[in-house]
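**Q** compute the structure for the input listed below.
(one chain, ligands or ions: 1)
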Amino acid sequence: MIISDDFFDQLHIQLQKGLPFVAYRKPESKPSRHQAEPRVKAFLQSDSQLYQVDDYTESGFVFAPFDQEESAILIPLEKSTCIETVLNSSSENSDSSKDIAVEAEAAKNSHIELVEKGIATIRSGKLQKVVLSRQEIFDFADSLEDAVKLFHKLLATYSSAFVYIWFHPEIGLWLGATPEALLEVERSRFKTMALAGTQKYQGTEDVTWGEKEKVEQQLVTDSVLNDLEQLQSMDKIEHSEPYTTRAGSLLHLRTDIQGVLKVNVENALKKLIFTLHPTPAICGLPKEAAKDFILKNEAYHRSYYSGFLGELNVPVTHHRSSNRNNRENQAYASIVKTTRLFVNLRCMQLVGNKAVLYIGGGITKDSNAEKEWEETQNKAQTMKAVLVK
Ligand SMILES: C=C(O[C@H]1C=CC=C(C(=O)O)[C@@H]1O)C(=O)O
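**A** Residues are numbered from 1 along each chain as shown. As a prediction, the model looks like this:
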């Protein structure tokens, strides 16, 4: 990894040359004793080929679509120059008062219609939950190179999100700031989360949650725990109580889940990823029926929205322990292959002079279609806040 003074210029150059790259900052890269400021990393691919993930034993950065039937893209580690930089720490400062009222009646009506169809299908007993989404197209009059400026803004605005910019000449340019981790695996330890339920952040995280949100989030937790247990390759699956977490101008309910793999990580990774993906936080329950409903009824193609992205089997150096009693640890640094994947939410694609935003929400039997529409508007703020000059 090369520490780069001209990190953002290098992203510009890569974009101008039409070469694939990704740049990102993980949410946990907060100031620590060893690391003064959050680190932003990039993989700059040296050729313009479209590499695909095959069995998830590859190393690199994966960008996978919602639909498993479509291919996941890899920026391979061995084809990339990896650079990084440090940024001044910032705070979560998205301001909900900057709401941009874009009332597109037609978009509203068709989303409400879709949600009502979802509610009716749930009430008929065919589904328990379904996550329904839409696009919103916004003018982005600037050039593609200004995408790097947008990335900079996202970094400054959302300190606790996984913030990224991803480009491939054959696929396009995506940016996002997602609050949802799909999976972290290091050695035999894994972590995931159940994230669902949304309300606007209004100055405090000390809030109460309605029954609809609590039930919606519990469904996700129960389903993830159940799927992991069915795998029978884990030990000691533990989970936290649900708690409130902030994502920009929104709050969500979150449960942290972790455990230990009994089997070799390399062989188990693909199965583990597709046991979790698509989670009921972006698809629904039962999984197959919800996916089927989404593919048949959403009036657009999700492509990479609600897919997953992140580091796949990337070697991470762990420096010696600060524990003075542990002489062996002090002498050696160990290199461990780590996977850290996130769900592609609060994201947008830049196409020509347009920004295409993707937003959705979990529908249960107690949903109110008008409120679900408002929730997608609130979620769209995450990206709109950086698009506004
Ligand atoms: C599907 C989205 O969010 C998910 C994650 C957190 C809360 C959600 C909700 O409350 O509906 C969604 O399940 C999205 O942002 O497009």
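**Q** anything in stretch 153-160 near the ligand?
**A** No - applying CB under 6 Å from any ligand atom, one finds that stretch 153-160 is not in contact with the ligand, the shortest distance being 13.1 Å. Backbone N, C-alpha and C define where each C-beta goes, glycine included.
**Q** list the buried residues in that stretch.
**A** Buried positions in stretch 153-160, judged by neighbour count with 16 or more other CB atoms under 10 Å: 153-155, 157-160.
**Q** then stretch 199-216?
**A** Residues of stretch 199-216 classed as buried under the neighbour-count rule (16+ other CB under 10 Å) are 199, 201, 209, 212-213, 215-216.
**Q** and what of stretch 165-175?
**A** Of the residues in stretch 165-175, those with enough neighbours to count as buried (16+ other CB under 10 Å) are 165-168, 171, 173-175.
**Q** in JSON lines, list those along with distance to C347, secondary structure and pLDDT.
**A** As requested, the buried residues of stretch 165-175 are exported to JSON lines (distance: CB to CB, whole Å; DSSP: H, G, I helix; E, B strand; the rest coil; pLDDT from 0 to 100):
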{"residue": "I165", "distance to C347": "10", "secondary structure": "strand", "pLDDT": "98"}
{"residue": "W166", "distance to C347": "9", "secondary structure": "strand", "pLDDT": "98"}
{"residue": "F167", "distance to C347": "13", "secondary structure": "strand", "pLDDT": "98"}
{"residue": "H168", "distance to C347": "15", "secondary structure": "strand", "pLDDT": "98"}
{"residue": "I171", "distance to C347": "13", "secondary structure": "coil", "pLDDT": "97"}
{"residue": "L173", "distance to C347": "11", "secondary structure": "strand", "pLDDT": "96"}
{"residue": "W174", "distance to C347": "6", "secondary structure": "strand", "pLDDT": "97"}
{"residue": "L175", "distance to C347": "7", "secondary structure": "strand", "pLDDT": "97"}
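**Q** export these as TSV, with columns for distance to the ligand.
**A** Listed next are those as TSV, based on distance: CB to the nearest ligand atom, whole Å:
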residue	distance to the ligand
I165	18
W166	17
F167	22
H168	22
I171	20
L173	19
W174	14
L175	14
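**Q** between these, which sits nearest Y358?
**A** Sorting the buried residues of stretch 165-175 by how near they are to Y358, with CB to CB, puts W174 at the top with 9.5 Å.
**Q** list the contacts of that closest one.
**A** Listed by CB atoms under 8 Å, 6 or more residues apart in numbering, the contact set of W174 reads 63, 164-167, 304, 344, 347-350.
**Q** can you redo the residues you listed as a markdown table with secondary structure and distance to L44?
**A** Below are the contacts of W174 laid out as a markdown table (DSSP: H, G, I helix; E, B strand; the rest coil; distance: CB to CB, whole Å):
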| residue | secondary structure | distance to L44 |
| --- | --- | --- |
| F63 | strand | 15 |
| Y164 | strand | 14 |
| I165 | strand | 12 |
| W166 | strand | 12 |
| F167 | strand | 10 |
| Y304 | coil | 20 |
| N344 | coil | 21 |
| C347 | strand | 21 |
| M348 | strand | 22 |
| Q349 | strand | 20 |
| L350 | strand | 19 |
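**Q** coming back round to it: now, the buried residues of stretch 153-160 that are in strands?
**A** Nothing among the buried residues of stretch 153-160 maps onto strands, per DSSP state E.
**Q** show me those that map onto helices.
**A** When DSSP state H is applied, the buried residues of stretch 153-160 are split such that 153-155, 157 fall in helices.
**Q** switch the residues you listed over to TSV; also include distance to S240.
**A** Formatted as TSV, the entries for those read as follows, by distance: CB to CB, whole Å:
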residue	distance to S240
K153	32
L154	28
L155	28
T157	27
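**Q** L387 contacts E136, doesn't it?
**A** No - with the criterion set as CB atoms under 8 Å, L387 and E136 do not qualify as a contacting pair; they are 10.7 Å apart.
**Q** ok, back up a step: closest one to A72 out of the buried residues of stretch 153-160, please.
**A** L154 (23.0 Å).
**Q** the closest one touches K384, doesn't it?
**A** No - contact criterion CB under 8 Å: L154 and K384 do not qualify, at 11.9 Å.
**Q** circling back to that earlier point, max pairwise distance over the buried residues of stretch 153-160: which two?
**A** Between all members of the buried residues of stretch 153-160, the longest pairwise span (CB to CB) is found for K153 and S160 and amounts to 15.7 Å.
**Q** with adjacent residues omitted, what lies nearest to the most centrally placed residue in the chain?
**A** When CA atoms, centre = their mean is applied to the chain, the residue found nearest the centroid is V343 (3.0 Å). Once its chain neighbours are removed from consideration, V343 has its nearest residue in E180; the separation is 4.1 Å (CB to CB, 6 or more residues apart in numbering).
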